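[1] Below are the sequence and a predicted model; questions follow.
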Amino acid sequence: MSIVEIRNLSYSYPGLNKPALINIDLTIEKGDFIILTGPSGCGKTTLCRCLNGLIPHFYNGDLTGDVIVTGLSVKDNPTSKIAQHVGFVFQNPENQLFALSVEKDIAFGLENLAVPRTEIRKQVDHALDLLGITNLRDNAPYELSGGQKQRVAIACILAMHPELMILDEPTSFLDPVAAKNLFEIIYALNKELGLTIILVEHRLDLLCTYANRVIIMDEGKVKADGIPRDILSSKEVLSLGIGIPKITKLYLELKASGIHLGDPPISVNEIAQEIRTLMLND
């Protein structure tokens, strides 16, 4: 079942002649885990802003085409209504955390929806538990590490029970270990709760094993869309100059030298197994 329908979407920011998005057609299914990637300035963040109603209700500009999210037209519904279905985690979690405690930050959205106090407590407790941060309930956000802040930002969104969660480069301020931990949490939310995920990210080495689909943009257009192992090893994607996983690069170099390992791998374990099988056959 489709959760997002985008038809012939184009958008230009106010005062700019060059469009940020050009004739985007896209369907996203419920339960998808999507990597949205591409060179800087390709339109990734702009597309995400269209999905949660920031465009056209906060950023004006020239918008044409249709964007339907969870059955709601973003043109015809206010951002406040769309926010009850679409959660957005910004690149810098400090942009979303402002209260004096983690608990109060998570409760903020629910309070604005006039959710009963007893229900707020239940949903806050549930979000804290899902993200493994119950011990941080009374901490002030400024006391937390970067990884902890990102978990709290996700918990703030998760407490609202969105159908779609969008994360805009959430690991930009994290080291590789913290980034991997965060990806595992997001993957668990996708699998255990059936939450649809759109993750804008450049760290494809860490992420490809979690996603079922990758969408690559360039110059405001969707250039490729499909399963990671096929898309990231295609000639069209290589020509865009994005940072494809090192495992994929190794596979392609081996293939160019005449060593064929089967399907393109997306993890170290996969390519290691292929090499072991090749050596045993030889």
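    Right, received. Where do you want to start? Numbers count the residues shown, from 1 in each chain.
[2] Show the contacting residues for the residue positioned nearest the centre of the chain.
    Nearest to the mean C-alpha position of the chain, by Cα atoms, centre = their mean, lies Leu199 at 1.2 Å. By Cβ atoms under 8 Å, 6 or more residues apart in numbering, Leu199 lies in contact with Phe33, Ile34, Ile35, Leu36, Ile166, Leu167, Pro170, Ile186, Leu207, Ala211. Heads up, the C-betas are built off the backbone N, CA and C, glycines and all.
[3] try Leu26
    Leu26 neighbours (Cβ under 8 Å, 6+ apart): Val4, Glu5, Ile6, Leu9, Ile215, Val222, Asp225.
[4] Report the beta-bridge partners for it.
    Ile6 (DSSP bridges).
[5] Let me see the confidence value for it.
    Predicted confidence (pLDDT) for Leu26: 96.
[6] ditto for Asp282
    61.
[7] what does Tyr142 give?
    90.
[8] ditto for Gly146
    86.
[9] Might one say that it is in contact with Thr171?
    No: Gly146 lies out of contact with Thr171 (Cβ atoms under 8 Å); the separation is 9.1 Å.
[10] the more surrounded of these two?
    Thr171 (24 against 18; other Cβ atoms under 10 Å).
[11] which residues in the stretch 151-282 of the chain form helices?
    Per DSSP state H, counting those that start in this stretch, the stretch 151-282 of the chain carries helices over the ranges 176-193, 204-207, 228-231, 235-238, 246-256, 268-281.
[12] returning to that earlier point: quick check: neighbours shared by Gly146 and Thr171?
    Ala178.
[13] picking up where we left off before, tell me the pLDDT at the residue nearest to the centre of the chain?
    At Leu199, pLDDT is 95.
[14] For it, give the beta-bridge partners.
    Where Leu199 sits in a bridge, its partners, by DSSP bridges, are Ile35, Leu167.
[15] Then Asp66?
    In beta-bridge terms (that is, DSSP bridges), Asp66 pairs with Arg7.
[16] Please give me every residue in contact with it.
    Neighbours of Asp66 in contact, by Cβ under 8 Å, 6+ apart: Glu5, Ile6, Arg7, Asn8, Leu9, Ser73, Lys75.
[17] Quick check: PyMOL command selecting the buried ones in those residues.
    Filtering the contacts of Asp66 down to the buried ones (16 or more other Cβ atoms under 10 Å) takes a single PyMOL command:
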select buried, resi 6+9
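[18] and which of the contacts of Asp66 is nearest Glu253?
    Ile6 (36.2 Å; Cβ to Cβ).
[19] Touching, the closest one and Ser73? I think so.
    No: in this structure, Ile6 is not within contact of Ser73 by Cβ under 8 Å, at 11.4 Å.
[20] Can you pull the residues that touch both of the two?
    Asp66, Val67.
[21] quick one: low-confidence ranges for the stretch 151-282 of the chain?
    281-282 (pLDDT under 70).
[22] at 80 instead, please
    173, 203, 205-206, 233-245, 251, 259-282 (pLDDT under 80).
[23] Restricted to strands, list the contacts of Leu26.
    Val4, Glu5, Ile6, Leu9, Ile215, Val222, Asp225 (DSSP state E).
[24] from these, which single one is nearest Pro116?
    Using Cβ to Cβ, those come closest to Pro116 at Val4, 30.7 Å.
[25] Next up, the contacts around the nearest residue to the closest one once chain neighbours are set aside.
    Counting by Cβ to Cβ, 6 or more residues apart in numbering, Ile28 is the residue found nearest to Val4 once chain neighbours are left out, at 3.8 Å. Going by Cβ under 8 Å, 6+ apart, Ile28 touches Ser2, Ile3, Val4, Ile34, Leu164, Thr196, Ile198.
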